[in-house]
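Participant: generate coordinates for the sequence data below:
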Amino acid sequence: MLRPPRGPAAGRFAVGALLLCLLGAALLIDVDTGALEGQGSGITLFLSTAAAAAVAFPAVGIKSSPAVLAWAACGVALVSLACSAGLRVAASGGSVLDQASDAYTLFEPIALMVLLHMTARRGSPAGTAVALPLLMAAVVLRPLVIEVDEGSSIVALVLTLVAGGALASGLTVRLVVASRRQHEERIRLEQRLGFARDLHDFVAHHISGIVLQAQGARAVAARKPQAVGDALELIETTGAEALTAMRRMVGALREDTVPDTRAPGTDAVRALVADCRLPGARVGLTETGPVDGLPEDAARIVERVVMEALTNIRKHAPDCTTAHVHLEVSRRRMTARITDDGHRRPSDGTGYGLRGLREVAVAAGGTLTAGPGPEAGWHVVLELPLPPRRVIR
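Facilitator: Residues are numbered from 1 along each chain as shown. Take a look at the predicted model:
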């Protein structure tokens, strides 16, 4: 059972049907009035009308390739111009053609303007550049081929205005479609960048944990063989979590994947701190204010910043004894501080992870700073503005 088109497809279907009806009505009027059988011009008008009909009807009813459409429109315009030249020669040679109206029918200019619109709308660039001036010339010059008087000039002016409207509408649709495609491409690029950041944040966090746990297991294997089993179990658990994170990110690219429904924000941060294993160090979390009332977008940024900061502590501060995460939420601002007491590190905080998160924070209207603490260790501070109405009091 055929279903009626919806949305933009329904609009295109309606416009196509309207154009086909217009072309069909104009052709029937010409046939009924005998415009194609005029003495001295019948065969010429018949040829130009047949060429226009052979291309205009398929152009509206069938979605052909842009190149075929544009170059076919060029052919129709050339045929029409050639017929105009033939009519002019016939009128100059003493033919029975004595009125400007003998040189054109109702269908042909309408068909040429429909082709003008369709070509401007979706023709190939090279073919369109050639076809548009030819079609405009074919439409405007036909009423003037026998004689230039007040009546033929008015007809030519009206056809010029209508053809200009058809051209403008086609180019407008073309520009709108191009702008929409650019917008969609920009969205796809932003999504790719987001997936790249997620890949770094989630996978690097788990992989660095696996490396440290493997190093610890090797260090204690000789002295405490029984501890190796616990380390291997942690490695297995962390590896499974890394695989789950990767499957979730890759699965998000598929249309049939169920959206991620895991708890974002504060619960995720609590889980990160509780699961974080730093050799010889304690990891703590303190909360101030209505932390559970964070908006979802801000909560996810906090989660990623905390994950990246804990990963960097694990990789760059093996001598730290304390790492602390502090979340503070007020009516208009959220602040997350991640600190450790390890030695100062030469890094300036411009790694790929922090750099990407800094871009995310700035896009959300906040700031992200990372650097040595006033006395020791490393401090990462995230500040985000919050809409007051979305904070739960």
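Participant: when you work out contacts or count neighbours from here on, use the C-alpha atoms and nothing else.
Facilitator: OK.
Participant: state the mean pLDDT of the helix or strand hosting residue 186.
Facilitator: Per DSSP states H and E: residue 186 is located in helix 150-198. The average pLDDT for helix 150-198 rounds to 84.
Participant: show me what it is packed against.
Facilitator: With contacts defined as 3 or more Cα pairs under 8 Å, 6 or more residues apart in numbering; DSSP states H and E, helix 150-198 has these neighbours: helix 107-122, helix 125-141, helix 352-363.
Participant: which of these is buried the deepest?
Facilitator: Mean neighbour count (mean count of other Cα atoms under 10 Å) peaks for helix 107-122 among those, with a mean of 26.
Participant: show me what that one is packed up against.
Facilitator: helix 8-33, helix 42-61, helix 66-92, helix 125-141, helix 150-198.
Participant: got the residue ranges for the strands in the stretch 251-393 of the chain?
Facilitator: 282-288, 322-329, 333-340, 367-372, 378-385 (DSSP state E, counting those that start in this stretch).
Participant: burial check on the residue nearest to residue 60 when sequence neighbours are not counted, number of neighbours?
Facilitator: The spatially closest residue to residue 60, leaving aside those adjacent along the chain, is residue 16, at 5.7 Å (Cα to Cα, 6 or more residues apart in numbering). Other residues near residue 16 come to 17 when the count uses other Cα atoms under 10 Å.
Participant: residue 16 touches residue 62, doesn't it?
Facilitator: No - contact criterion Cα atoms under 8 Å: residue 16 and residue 62 do not qualify, at 9.5 Å.
Participant: what about residue 63, which SS state?
Facilitator: Following DSSP: H, G, I helix; E, B strand; the rest coil, the label given to residue 63 is coil.
Participant: run a quick neighbour tally on it.
Facilitator: Using other Cα under 10 Å, residue 63 has 10 other residues around it.
Participant: quick check: the gap between it and residue 289.
Facilitator: 60 Å (Cα to Cα, to the nearest Å).
Participant: repeat for residue 125
Facilitator: To residue 289, residue 125 is 59 Å away according to Cα to Cα.
Participant: quick check: the gap between residue 384 and residue 294.
Facilitator: Residue 384 is 11 Å from residue 294, by Cα to Cα.
Participant: in the stretch 251-393 of the chain, where is pLDDT below threshold?
Facilitator: Residue ranges of the stretch 251-393 of the chain with pLDDT under 70: 251-265, 279, 344-353, 388-393.
Participant: kindly recompute the last result at 80.
Facilitator: 251-266, 275-281, 311, 314-319, 343-357, 374-376, 387-393 (pLDDT under 80).
Participant: and the helices and strands packed on helix 150-198: which comes nearest residue 278?
Facilitator: Closest approach to residue 278 among the helices and strands packed on helix 150-198 (Cα to Cα): helix 352-363, 19.5 Å.
Participant: that closest one: how far from the chain's middle?
Facilitator: Distance of helix 352-363 from its chain centroid, counting by Cα atoms, centre = their mean, to the nearest Å, is 22 Å.
Participant: got the angle for that helix vs helix 150-198?
Facilitator: 130 degrees (axes from the mean of the first three to the mean of the last three Cα atoms, to 10 degrees).
Participant: just the angle for helix 352-363 relative to strand 378-385, thanks.
Facilitator: 20 degrees.
Participant: which pLDDT value goes with the residue nearest to residue 60?
Facilitator: At residue 16, pLDDT is 74.
Participant: and the gap between it and residue 233?
Facilitator: In this view, residue 16 and residue 233 are 66 Å apart by Cα to Cα.
Participant: skip the chain neighbours and tell me the closest residue to residue 381.
Facilitator: Distances taken as Cα to Cα, 6+ apart place residue 337 nearest to residue 381, at 4.6 Å, with adjacent residues excluded.
Participant: what bridges to that neighbour?
Facilitator: Note on residue 337: beta-bridge partners by DSSP bridges are residue 326, residue 381.
Participant: give the contact list for it.
Facilitator: Counting by Cα atoms under 8 Å, 6 or more residues apart in numbering, residue 337 touches 324-327, 379-382.
Participant: which among the residues you listed end up buried?
Facilitator: Neighbour counting with 16 or more other Cα atoms under 10 Å marks 324-327, 379-382 as buried within those.
Participant: correct me if wrong: residue 281 contacts residue 314.
Facilitator: No - with contact defined as Cα under 8 Å, residue 281 does not count as touching residue 314 (9.9 Å).
Participant: what about these two, which has more around it?
Facilitator: More crowded of residue 281 and residue 314, by other Cα under 10 Å: residue 314, with 23 against 17.
Participant: that one against residue 276, yeah?
Facilitator: No - Residue 314 is beyond contact range of residue 276, at 9.1 Å (criterion: Cα under 8 Å).
Participant: show me the contacts for the residue lying closest to residue 134 once chain neighbours are set aside.
Facilitator: Spatial nearest neighbour of residue 134, chain neighbours left out: residue 77 (5.7 Å); criterion: Cα to Cα, 6+ apart. By Cα under 8 Å, 6+ apart, the contact list for residue 77 reads 112, 131, 134-135, 138.
Participant: if we use 6 Å, what do you get?
Facilitator: With contacts defined as Cα atoms under 6 Å, 6 or more residues apart in numbering, residue 77 is in contact with 134-135, 138.
Participant: next: residue 138.
Facilitator: Residue 138 neighbours (Cα under 6 Å, 6+ apart): 77, 80-81.
Participant: okay, it: pLDDT?
Facilitator: For residue 138, pLDDT reads 90.
Participant: residues near the closest residue to it other than its chain neighbours, how many?
Facilitator: Excluding its sequence neighbours, the residue lying closest to residue 138 (Cα to Cα, 6+ apart) is residue 81, at 5.4 Å. The tally of other residues near residue 81 (other Cα under 10 Å) stands at 20.
Participant: and residue 81, how far is that from residue 239?
Facilitator: Distance from residue 81 to residue 239, by Cα to Cα: 73 Å.
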